[in-house]
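Asker: Sharing a sequence plus its predicted fold:
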Amino acid sequence: MGRISRLGNKLYTGERSFDFVGRKWLWYAISGAIVVIAILAMSVKGLNYGLEFTGGNQFTVSSLDKSEVTQDSADKLREAVGGLGIHNADAPVVTTSGDSSILVQTEELTTAESAKVTATIADTMGVDAEQQISQDQIGASWGDEVKKRAITGLIVFLILVVLFIWAYFREWKMSVAAIVALAHDIIITVGIYALSGFEVSPATVTGLLTILGFSLYDTVVVFDKIRENTKNLRASRTTYAKAANLAVNQTLVRSINTSLVALIPVGAILYVSAVQLGASSLKDLALALFVGMAAGAYSSIFIATPLLVHMKQNETEVVMAERRAKARERRQADRYASVPVFKDDLPVMDPDEPGPGGVLVEERDDDLDDYDDEDVRPRPKPEPEAMGRGRTVPAAQRPVGRSSASGRQQPTRQPKSKRK
């Protein structure tokens, strides 16, 4: 068995455990700091909206040879157009389109600036500007429509999430915890876009909607294990916090493995598209997926579960389970703490009728070892000893008394007048 498998087995059985729930304030502080930084980045620096959202100019270089439609040609065009000194064209988006075209997108330009950009493209690619270069004016209306549809889709998704979790788990607090985790993931992802300066395109919107499902899936798996562990707290002799923390540990290896399997290919796409290819739509999608998946795995472990336990800490069943656990801990710390100790003011009780309120006459100290640690009870009265020749006394079927004739215990018989 590998090291990871042994660790997973120990986490599942509870032999080894990481305290995720008990350190909830640490996770709250870390997540709060990250969210504040993301919000400040969005407020101060802002998002770099793409051409589809802001509008601009698009230059299409067509009828090219297949050997000319390469990433090297796109890089040359980007450097040539960006070096013109035109403010709205200092960061052009250059991509290949099919086997015979290259697209150059800039912010909105004047007529003179457009002519200058067209001439530069023609000189760089060695083509006829009038026959092989076309120019289109892109408005921001389409981007606004994408933005509205994305917001509508997000609202509908969140409503469906609340209804699904409430119906599946019968627990509205789980819905609240899941929504908080989703909001946490979205804010962090958008904040990373603001800090990195990556362009927000329709591919970014697609990536944001995709990570919602991934984050929700991971959270639902953890919540399902929590429901299983907390089904009967009294029978399991544990607290809600401990059962929830055990659920997180039991699903920890699965969550890590699932996240790594998803992040490795997405990270490779992000590296190739951002560093080597510079393809805008591909890197925008990959960044949203990479950041969102990582944040989703983090939130399902460190945010959703501790928040759920925090919200349920005042429920009657949870409070009673906590009290029972503390009582068990006290009994285990001193197993004989509930055994009565002799004091001068204790009443002396009749040995034939012992009780927990006093002390038995002529009781030995070693008799305390026979007491139960949860319910102090006196020792049972001894059986009557056999008398004569070592015989065992049979169970009495009717009243027994001492016979003066035989010198031992004998059944007694009442007169006929007193019999019923």
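Answerer: Here it is on my side, so go on. Numbers count the residues shown, from 1 in each chain.
Asker: Please report how far residue 128 lies from residue 215.
Answerer: 51 Å (C-beta to C-beta, to the nearest Å). Just so you know, the C-beta spots here come from the backbone N, C-alpha and C atoms, and that holds for glycine as well.
Asker: Show me which of these two is the more surrounded one.
Answerer: It is residue 215, of residue 128 and residue 215, that has more neighbours when counted by other C-beta atoms under 10 Å, with 26 against 10.
Asker: can I assume that one is in contact with residue 295?
Answerer: Yes. Using C-beta atoms under 8 Å, residue 215 is in contact with residue 295, at 7.2 Å.
Asker: shared neighbours of the two, which are they?
Answerer: residue 185 (C-beta atoms under 8 Å, 6 or more residues apart in numbering).
Asker: per the record, what domains does the chain have?
Answerer: For the chain, automatic domain parsing gives the domain ranges 20-49+143-321, 56-138.
Asker: what about residue 60, is that helix, strand or coil?
Answerer: strand (DSSP: H, G, I helix; E, B strand; the rest coil).
Asker: That one contacts residue 98, correct?
Answerer: No. Residue 60 is beyond contact range of residue 98, at 10.8 Å (criterion: C-beta under 8 Å).
Asker: neighbour count winner among those two?
Answerer: Taking neighbours as other C-beta under 10 Å, residue 60 and residue 98 compare with residue 60 leading, 16 against 10.
Asker: Contacts only, for that one.
Answerer: Counting by C-beta under 8 Å, 6+ apart, residue 60 has contacts 97, 101, 102, 103, 104, 133, 134, 135, 136.
Asker: Nearest to residue 399, out of the domains of the chain?
Answerer: Nearest to residue 399 among the domains of the chain is domain 20-49+143-321; the distance by C-beta to C-beta comes to 45.8 Å.
Asker: So what does the residue nearest to the spatial centre of the chain have for phi and psi?
Answerer: Nearest to the geometric centre of the chain sits residue 300, at 1.7 Å (C-alpha atoms, centre = their mean). Here is the backbone geometry of residue 300 (degrees, to the nearest 10): phi -70, psi -30.
Asker: Now go through the contacts of residue 60 and say which are in strands.
Answerer: Those of those mapping onto strands are 97, 101, 102, 103, 104, 133, 134, 135, 136, per DSSP state E.
Asker: who touches the first one in this structure?
Answerer: Counting by C-beta under 8 Å, 6+ apart, residue 97 makes contact with 60, 103.
Asker: now do the fourth one
Answerer: Residues in contact with residue 103, defined by C-beta under 8 Å, 6+ apart, are 58, 59, 60, 61, 93, 94, 95, 96, 97.
Asker: Just the buried subset of those residues, written out for ChimeraX, thanks.
Answerer: Buried residues among those (16 or more other C-beta atoms under 10 Å), as a ChimeraX selection:
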select :59,60,61,93,94,95,96
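Asker: Tabulate the contacts of residue 103 (a markdown table), appending distance to residue 175 and pLDDT.
Answerer: Formatted as a markdown table, the contacts of residue 103 follow (distance: C-beta to C-beta, whole Å; pLDDT from 0 to 100):
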| residue | distance to residue 175 | pLDDT |
| --- | --- | --- |
| 58 | 44 | 84 |
| 59 | 49 | 85 |
| 60 | 49 | 86 |
| 61 | 52 | 85 |
| 93 | 40 | 79 |
| 94 | 45 | 82 |
| 95 | 42 | 78 |
| 96 | 45 | 78 |
| 97 | 45 | 75 |
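Asker: Let me know the closest of the contacts of residue 103 to residue 200.
Answerer: Taking C-beta to C-beta as the measure, residue 200 lies nearest residue 93 of the contacts of residue 103, at 12.3 Å.
Asker: Dig out what the residue lying closest to that closest one once chain neighbours are set aside forms beta bridges with.
Answerer: Nearest residue to residue 93, sequence neighbours excluded (C-beta to C-beta, 6 or more residues apart in numbering): residue 105, at 4.3 Å. Beta-bridge partners of residue 105, counted by DSSP bridges, are residue 58, residue 93.
Asker: what ranges do the helices span in the stretch 251-400 of the chain?
Answerer: Using DSSP state H, counting those that start in this stretch, the helices of the stretch 251-400 of the chain run over residues 252-271, 280-299, 305-311, 316-333.
Asker: quick one on the thing from earlier: show me the common contact partners of residue 60 and residue 98, please.
Answerer: Contacts common to residue 60 and residue 98, judged by C-beta under 8 Å, 6+ apart, are absent.
Asker: quick revisit: just name the most buried of the domains of the chain.
Answerer: domain 20-49+143-321 (a mean of 18; mean count of other C-beta atoms under 10 Å).
Asker: Could you list the low-confidence segments of the stretch 1-150 of the chain?
Answerer: For the stretch 1-150 of the chain, the stretches flagged by pLDDT under 70 are 1-5, 7-9, 11-15, 139-143.
Asker: can you pull out the helices in it?
Answerer: So, for the stretch 1-150 of the chain - with DSSP H, counting those that start in this stretch - the helices run 3-13, 24-44, 51-54, 71-82, 111-125, 129-132, 141-169.
Asker: between those, which gets nearest to residue 325?
Answerer: Taking C-beta to C-beta, helix 24-44 is the member of the helices of the stretch 1-150 of the chain nearest to residue 325, at 18.1 Å.
Asker: by contact count, what packs against the closest one?
Answerer: Applying 3 or more C-beta pairs under 8 Å, 6 or more residues apart in numbering; DSSP states H and E, one finds that helix 24-44 contacts helix 172-196, helix 305-311.
Asker: Apply 10 Å and report the result again.
Answerer: Under the contact definition 3 or more C-beta pairs under 10 Å, 6 or more residues apart in numbering; DSSP states H and E, helix 24-44 sits against helix 172-196, helix 280-299, helix 305-311.
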